[in-house]
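In: below: sequence and its predicted model.
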Amino acid sequence: MCAHVLIAEDNAKQADIVRRYLESDGHTSTIVHDGLLALDAVRSVPPDLLLLDLTLPGLDGLEVCRRLRGDKPELPVLMLTARADEADLLRGLDLGADDYMTKPYSPHELRARVRALLRRGARTRTVRRVGAIEVDEERREVSVGGVRVPCTRDEFEILLAMAAEPGRVFTRAQLLERTGGYGRDSTHRAIDVHVMNLRRKIEADPRRPCYLVTVFAVGYKLAAGAS
């Protein structure tokens with residue numbers, strides 16, 4: 001499987017070597033050189049895997065891992081370190097790293113470890129794809145054509161329900177139930193408002209939707225993008 005990998009490594013030459021290893025397996029990558037930038041990169045465009053050097057400036061790899069585990073518990077993390085101290089390695093695993101490698105390491109082993117972590121992550125994540133739309137249930141994220149789209153809680157629940165059964169026509173009552181609307185004194189009109197807002201976010205032309213399609217006198221369905 002091809003993935004996007006964030007490489008957090010303060011040594012530019014070493015980071016470029018790792019990038020080339022990954023590209024040989026069809027992956028794409030982003031490189032950052034300090035811990036604060038690593039946190040920002042993960043939170044703005046979450047990668048499929050983080051390669052995390054232990055000795056980063058700003059925030060070291062251990063602190064980066066600790067902070068990430070609070071809001072990104074599902075992100076696979078492979079620590080890369082020149083430290084041979086067993087206590088540091090065990091602390092990294094205790095803080096949530098999934099695996100580690102000590103430098104210098106074999107490029108073949110690195111690629112194998114990356115493949116193993118990506119397979120493990122793929123088994124635990126549910127990403128529903130309908131055309132260019134991706135709805136990541138575990139991360140509670142929506143993207144269109146690879147670009148993140150911010151959604152409210154109710155908007156996400158509506159899109160998640162529809163993405164699970166693309167092409168199925170949902171009534172407003174069914175969508176209202178998915179958002180828990182009855183318990184919050186919502187009305188069917190609330191669903192129309194949520195759909196209108198979603199169209200502004202995911203459609204190229206909200207006035208002529210090709211994803212969130214109205215089915216006259218019934219409700220809405222999520223199509224694959226063909227108008």
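Out: That came through fine.
In: show me what counts as buried in the worst-scoring helix or strand of the chain on mean pLDDT.
Out: Of all regular secondary-structure elements in the chain, judged by mean pLDDT, DSSP states H and E, the least confident is helix 86-94 with a mean of 74. Neighbour counts over helix 86-94 (16 or more other Cβ atoms under 10 Å) mark 88-89, 92 as buried. Glycine gets a C-beta too; all of them are placed from N, C-alpha and C.
In: and if you look at stretch 64-74?
Out: 64-68, 72.
In: figure out how far that stretch is from the centre of its chain.
Out: Here the centre of stretch 64-74 is set off from its chain's centre by 13 Å, with Cα atoms, centre = their mean, to the nearest Å.
In: just checking, what packs against the longest helix that the chain contains?
Out: Counting by DSSP state H, the longest helix found in the chain is helix 107-124. The contact analysis (3 or more Cβ pairs under 8 Å, 6 or more residues apart in numbering; DSSP states H and E) places helix 107-124 against helix 12-24, strand 49-53, strand 77-81, strand 99-102.
In: can you give me the angle it makes with strand 77-81?
Out: Going by axes from the mean of the first three to the mean of the last three Cα atoms, to 10 degrees, helix 107-124 is angled at 160 degrees with respect to strand 77-81.
In: show me which positions of helix 107-124 end up buried.
Out: Here helix 107-124 shows 110-111, 113-114, 117-118, 121 as buried, counting by 16+ other Cβ under 10 Å.
In: for the buried residues of helix 86-94, give me CSV that also has distance to residue 207.
Out: What follows is the buried residues of helix 86-94, written out as CSV (distance: Cβ to Cβ, whole Å):
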residue, distance to residue 207
88, 57
89, 57
92, 52
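In: just the CA trace of stretch 36-48, in CSV.
Out: Taking Å, rounded to 0.1, in the frame of the first residue of the first chain, the C-alpha atoms of stretch 36-48 are listed here in CSV:
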residue,chain,number,x,y,z
LEU,A,36,7.3,21.7,17.1
LEU,A,37,7.1,21.5,13.3
ALA,A,38,6.4,17.8,13.6
LEU,A,39,3.4,18.5,15.8
ASP,A,40,2.1,21.2,13.5
ALA,A,41,2.4,18.9,10.4
VAL,A,42,0.6,16.0,12.0
ARG,A,43,-2.2,18.2,13.2
SER,A,44,-2.7,20.1,9.9
VAL,A,45,-2.4,17.2,7.4
PRO,A,46,-2.3,13.9,9.3
PRO,A,47,0.1,11.4,7.8
ASP,A,48,-0.3,7.7,7.6
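In: about what we covered before: mean confidence for the next helix or strand after the longest helix of the chain?
Out: Moving toward the C-terminus from helix 107-124, the next helix or strand (DSSP states H and E) is strand 127-130. Strand 127-130 carries an average pLDDT of 85.
In: sheet partners, orientation included, of strand 127-130?
Out: Next to strand 127-130 in the sheet, as set by DSSP bridges, lie strand 133-136 (antiparallel).
In: immediately after the partner strand, which helix or strand?
Out: strand 141-144.
In: got the angle for the least confident helix or strand of the chain vs strand 77-81?
Out: Computed by the same axes, to 10 degrees, the angle separating helix 86-94 from strand 77-81 equals 160 degrees.
In: off-centre distance for helix 86-94?
Out: On Cα atoms, centre = their mean, the centre of helix 86-94 falls 26 Å from that of its chain.
In: contacting residues around that helix?
Out: The contact list for helix 86-94 (Cβ atoms under 8 Å, 6 or more residues apart in numbering) reads 54, 61-62, 65, 79, 81, 83, 100, 102.
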